[in-house]
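>>> Output the structure for:
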Amino acid sequence: MAWEIVVGIETHAQLLTRSKIFSGAATAFGAAPNTQASAVDIALPGVLPVLNRGAVELAIRFGLAVGGPEVIRRRSVFARKNYFYPDLPKGYQISQFELPIVTGGSIQIETESGSKTVRLTRAHLEEDAGKSLHEDFHGMSGIDLNRAGTPLLEIVTEPDLRGAKEAVAYARALHSLVRWIGICDGNMQEGSFRCDANVSVRRAGDAALGTRCEIKNLNSFRFMEQAIEFEARRQIELIEDGKAVEQETRLYDPGRNETRSMRLKEDAQDYRYFPDPDLLPLVVSEQDIERIRSEMPELPGARFRRFTDQLAIAPATARVLVGDKVLSDYFEETAQGASPEVVRQAANWIAVSTNARLNDRNIGIADAPVRPRQVRQLIERVVDGTISGKIAKEIDEVMWSAGGTPDEIIEKRGLKQISDTGAIEKIVDEVLVANAKQVADYRSGKEKAFNSLVGQVMKASKGKANPAQVNDILRRRLKG
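Numbers count the residues shown, from 1 in each chain. Okay, the predicted model is just below:
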C-alpha cells in the first residue's frame, strides 16, 4: 500500500537588527567568543530585559507579507520556556507561546503539480540561545554566549507539505521572502536561517497523522531533502516491521546520510511555559501597522503578476526573476526606458545567461561586473540588428572578463552584423559550391543538411551574417 509523507517546518529566521532582542549587545557575526554577551544576555542577578522595537517591527513586516494586518495580534505576550542546557544561561528562553505576534497567514509555493498554498500556524518572537563548541576541546565543551539573546522569528507551518521536494520548495520560498522584505539576511552557513522538519508517515487515504519526529537544524536545502527522505524511509520500515515510531528529536548526519536519535521529543507542558513577569504585554497600534505597511516593498507575488501581465514576460522567466529581490531589481533597472521587445529579451538574458555566469563564479548579482545599463545596450543592439545573438554572447564574455560597453566592444573588434544582402548572397554562393553533397542531401529531403549549410555560412562570415537573412537567402538559392 502506498505511503504519504507529511511534513511541517519550523524555521528560525534571525532578524536584521544591530542589537539583541532584550539588550544592547551587538549581533554581528564572527566576533571572538563571549565578546558580545552583555550582563542581560548572561543573566547576571538583578538585570532586566528591554524589548528591541526594531525586532517587533520586522515581525510585523513578516505578518503583512504573509497575511496582511488581520494576522497580526494587537496584543501579544512573552513567555518563559523552561529547560536546562549549558548554553542557556538563564535556565529559560524568552519566547511567545499562547499569544504570538503573528497567527495564521500563508505562503504560495510551486510544486511539480502546480501552485500550492502552505498555511502558517504562527510566527513568534524569541531570543536565541548560545552555542556549545565541541570540536576544539579535548574531552570538554566550550560555551560561546555571543548568540544568546539574538532576535529570532520562529515561523511554523501547518502539516501541509507532502514529501521532501515540497518541503524544500517551501523553505526556498520562505528564504526568498524574508530576504525580499529585508527582515533576515538568509545566511544559512552563519545560522541566520535554520529549519527543523517535523516528519511523519501514514498510509495513503488515512486521515489521522502519524507519529512525528523532528529533525533539528537543517542548514542547507540539499540536506533538508536528504534528511526527510531518509527519515520517511526509516519510519515506513519500522511500521512495516510491526514496530512503533517514537516521537523524538533527531539529528541528520550528512556524512552517513542518516538521522539519529538526539532526545525524546518534548511537548509544550514539558517546558512549563508561563508569562514572563519582567516583560509587559506587547501592544501594537494601528498607526504602527499602517506606517510599516507604507514602507513595505512590492511583494514577489505582485511583482510576478506585473512582469507577466504588463511586461508580457513568460511565467517561467518571471518566476526566476522574482526568486531574488536583488536580481529582480537588477532586471527592473535594465528594463527602465527600454522598448517592450528589449524588456522581454533582457528578462530571458538575465534569467538564463546572467544567472549562469553568477553560478559559475559563485557570486551574487550585487557583485556582478556587468551592470544593467550594459545589459540593456547589449540587448538593444541585438534587437536593432547591429549584432546577432551569437555575437552578443561573445561581447558578454568580454564585458564579464575585461569590462567595457557593448558599443565600445563592437567598434573595437569590428563585430557589427553583416546585413548587406549582396555580401550575404556572395558568402552563400561560395558555401553552396563548396558543399555540393549537403546541397544534394537537402534537395533529396534531408532537412538536417539545411542546418549544416546555415552553420557553414555563419562560420564563413565569422558569425557576423544576419541569421534571418542567411536562412531566407539560402532557401531561395536551394530552390533555384
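>>> what's the neighbour count on the closest residue to Ala2 other than its chain neighbours?
Setting aside the residues directly before and after it, Ala2 is nearest to Ala204 in space (CB to CB, 6 or more residues apart in numbering), at 4.2 Å. From N, CA and C alone the C-beta is placed, and that goes for glycine too. Neighbours of Ala204 under the rule other CB atoms under 10 Å: 8.
>>> correct me, but Ala204 touches Glu4?
Yes: under the criterion of CB atoms under 8 Å, Ala204 makes contact with Glu4 at 5.2 Å.
>>> now do the same end-to-end measure for stretch 105-125.
Taking CA to CA, to the nearest Å, the first and last residues of stretch 105-125 lie 16 Å apart.
>>> Just give me the residue right at the centre of the protein.
Ser176 (3.9 Å; CA atoms, centre = their mean).
>>> which helices and strands does whichever strand or helix holds that residue pack with?
For Ser176, the enclosing helix or strand under DSSP states H and E is helix 164-180. With contacts taken as 3 or more CB pairs under 8 Å, 6 or more residues apart in numbering; DSSP states H and E, helix 164-180 sits against strand 3-14, helix 53-66, strand 106-111, strand 193-203, helix 221-240, helix 300-309, helix 325-335.
>>> what distance separates the following helix or strand past the third one from the centre of its chain?
Once the chain leaves strand 106-111, the next helix or strand it forms, by DSSP H and E, is strand 114-127. Here the centre of strand 114-127 is set off from its chain's centre by 16 Å, with CA atoms, centre = their mean, to the nearest Å.
>>> Just give the strands next to strand 114-127 in its sheet, each with its orientation.
When pairing is defined by DSSP bridges, strand 114-127 lines up against strand 102-103 (antiparallel), strand 106-111 (antiparallel), strand 151-157 (antiparallel).
>>> Show the pLDDT at Met140.
Per-residue pLDDT puts Met140 at 88.
>>> Can you lay out the strands paired with strand 114-127 as a markdown table showing distance to Ala460, mean pLDDT and mean neighbour count?
A markdown table is the format used below for those (distance: least, CB to CB, whole Å; pLDDT from 0 to 100; neighbours: other CB atoms under 10 Å):
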| stretch | distance to Ala460 | mean pLDDT | mean neighbour count |
| --- | --- | --- | --- |
| strand 102-103 | 65 | 98 | 22 |
| strand 106-111 | 45 | 94 | 17 |
| strand 151-157 | 60 | 98 | 23 |
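>>> Contacts for stretch 305-317, please.
Glu298, Phe304, Ala318, Leu321, Val322, Ala335, Pro340, Val343, Arg344, Ala347, Asn348, Ala351 (CB atoms under 8 Å, 6 or more residues apart in numbering).
>>> how many other residues sit next to the fifth one?
Other residues lying near Val322 total 24 when counted by other CB under 10 Å.
>>> ok, now how distant is it from Arg371?
20 Å (CB to CB, to the nearest Å).
>>> Run through the stretch 51-200 of the chain and note the low-pLDDT ranges.
Counting by pLDDT under 70, the stretch 51-200 of the chain shows no low-confidence range.
>>> sorry, back to before: so what touches the helix holding Ser176?
Counting contacts by CB under 8 Å, 6+ apart, the residues touching helix 164-180 from outside are 5, 7, 9, 11, 13, 62, 65-66, 107-112, 116, 118, 155, 157, 161, 184-186, 188, 193, 195, 197, 221, 224-226, 228-229, 232, 297, 299-300, 323-325.
>>> hmm, which of those are the buried ones?
If you count burial by 16 or more other CB atoms under 10 Å, the buried members of the contacts of helix 164-180 come out as 5, 7, 9, 11, 13, 62, 65-66, 107, 109, 116, 118, 155, 157, 161, 184-186, 188, 193, 195, 197, 221, 224-226, 228-229, 232, 299-300, 323-325.
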